[in-house]
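Chemist: sequence unavailable; structure follows:
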Ligand code: FES
Ligand code: FE2
């Protein structure tokens, strides 16, 4: 049943217009047209403007490549890169594309190497991506080979600018991207530092899943406190995010593109919700109890007022700290209708075995099948399907109307609006004139 519906679909040219036809509806602040999520032309422009443009893209934790020669494969936007630690201790990021004929030469997700050798014709590169050797460069018996003018220095792998902060590695294609801390803004840096205070990190594991939705929906989901109290039974029943708890939904004040949702769980293990609020929340169920109540323990270990903070760092990073479970998520865009989510769960190197156990136990909240993760994944899939196959074409974002940016209330779409104000400007998308 489901299959046949998915296959039939509909073709609706309005959902995939060329960029020149993309004009935002007149009430730009409170509407989002569907083509923002479904147009290939819009997607291509996003890749150029954001991921390959003046942005710092999160690519790795330093803890993943602690020793000389350690490397991992990663992505900047949809472009495959390699992140490697060289002999001098610095981290380099370069494209995973051989300078000869374009092979994606690095085939292992992680490892340790003295050099990178392309499997096709064995050109070799050092740990910073410089071309070292070309077999038969001078030909055989003076027949063939590269011209005398060919200089290895001119044919290294394409290298990106790199910035690191407290164990996080970022890369950018642009010379014009401002220094990392300026790009992030001071308030975002402060919140980032509560999870990454400079302590050495320990990777606990990975998840990786495809989500059949547009990459921006994931940003919106974490700037959308409204759904948190409605979709996520777990958050509500166990008092992690109930309408009315102490919370801050923050958007950076420079561009409105980065942000965080910070909240403080209730003292009690189980939330007490007023009858009035209860009647609004279909996902609230009285009398649900945990078999293992250690699951909700919160060990105070952060210099922060928040017991949970979910950060969105434009364009591709989510930082997740929910109680004592810690993770970073990297968004890898995959065409307008799909994205890959790469989750890295971690703790600190000086954690006791009990603390590691606790983090792993609590980690069941997250990941593609997590108590919270699974619901977002499903909801976002439904949204993309609804948009692609319908004939109506506008989304309504009127909660807390007129406001953009930071808010304290859960029933608000204010931070989604600030993100799209920034987005429209960088994308150069015109807004329709209001008709009287
Ligand atoms: Fe890599 Fe030829 S494609 S060496
Ligand atoms: Fe969610």
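Modeler: Sure, I can see it. Please read all numbers here as calculations on a predicted model, not as lab measurements. Numbering: from 1, shown residues only. Ligands and ions are numbered 1, 2, ... in the order given.

Chemist: which elements pack onto the strand or helix carrying residue 204?
Modeler: Using DSSP states H and E, residue 204 sits in strand 201-211. Applying 3 or more C-beta pairs under 8 Å, 6 or more residues apart in numbering; DSSP states H and E, we find strand 201-211 packed against strand 339-348, helix 353-362, helix 373-388. To be clear about C-beta, it is placed using only N, CA and C from the backbone, and glycine gets the same treatment.

Chemist: just send these back as a markdown table, with distance to ligand 1 and mean neighbour count too.
Modeler: Output for the helices and strands packed on strand 201-211, formatted as a markdown table (distance: least, C-beta to the nearest ligand atom, whole Å; neighbours: other C-beta atoms under 10 Å):
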| stretch | distance to ligand 1 | mean neighbour count |
| --- | --- | --- |
| strand 339-348 | 25 | 20 |
| helix 353-362 | 40 | 15 |
| helix 373-388 | 36 | 18 |
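
Chemist: turn these into a markdown table, columns for distance to residue 90 and mean pLDDT.
Modeler: Below are those laid out as a markdown table (distance: least, C-beta to C-beta, whole Å; pLDDT from 0 to 100):
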| stretch | distance to residue 90 | mean pLDDT |
| --- | --- | --- |
| strand 339-348 | 21 | 98 |
| helix 353-362 | 30 | 97 |
| helix 373-388 | 34 | 94 |
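
Chemist: hmm, back to that, what does the helix or strand just after the strand holding residue 204 rub up against?
Modeler: Next along the chain after strand 201-211, taking DSSP H and E as the criterion, comes helix 215-221. By C-beta atoms under 8 Å, 6 or more residues apart in numbering, the residues outside helix 215-221 that reach it are 36-37, 46, 211, 227, 312, 314, 316, 318, 331, 333-334, 339, 341, 376, 379-380, 383-384, 416, 419, 423.

Chemist: stretch 421-435 - what's its average pLDDT?
Modeler: Average pLDDT, stretch 421-435: 96.

Chemist: what is the end-to-end distance of it?
Modeler: Distance across stretch 421-435, first residue to last, is 21 Å (C-alpha to C-alpha, to the nearest Å).

Chemist: look up how far residue 148 lies from the residue of the chain most remote from its centre.
Modeler: Within the chain, the residue lying farthest from the chain centre (C-alpha atoms, centre = their mean) is residue 141, at 52.9 Å. Using C-beta to C-beta, to the nearest Å, residue 141 is found at 16 Å from residue 148.

Chemist: and the strand holding residue 204, which strands flank it?
Modeler: Sheet pairing of strand 201-211 (DSSP bridges) gives strand 339-348 (antiparallel).

Chemist: residues contacting the strand it pairs with, please?
Modeler: If you take C-beta under 8 Å, 6+ apart as the criterion, strand 339-348 is touched by 61, 63-64, 75, 199-211, 213-215, 218, 325-334, 355-356, 359, 363, 366-368.

Chemist: let's go with 7 Å and repeat that
Modeler: Applying C-beta atoms under 7 Å, 6 or more residues apart in numbering, the contact partners of strand 339-348 are 61, 63, 199-211, 213, 215, 218, 326-334, 355-356, 359, 363, 366-367.

Chemist: cool, and stretch 401-421?
Modeler: Looking at what lies outside stretch 401-421 - C-beta under 7 Å, 6+ apart - the contacts are 29-30, 32, 219-220, 223-226, 228-229, 243, 247-251, 256-257, 259, 397, 399-400.

Chemist: now do the buried residues in it.
Modeler: Neighbour-count burial for stretch 401-421 flags 403-407, 410, 412-421 (criterion: 16 or more other C-beta atoms under 10 Å).
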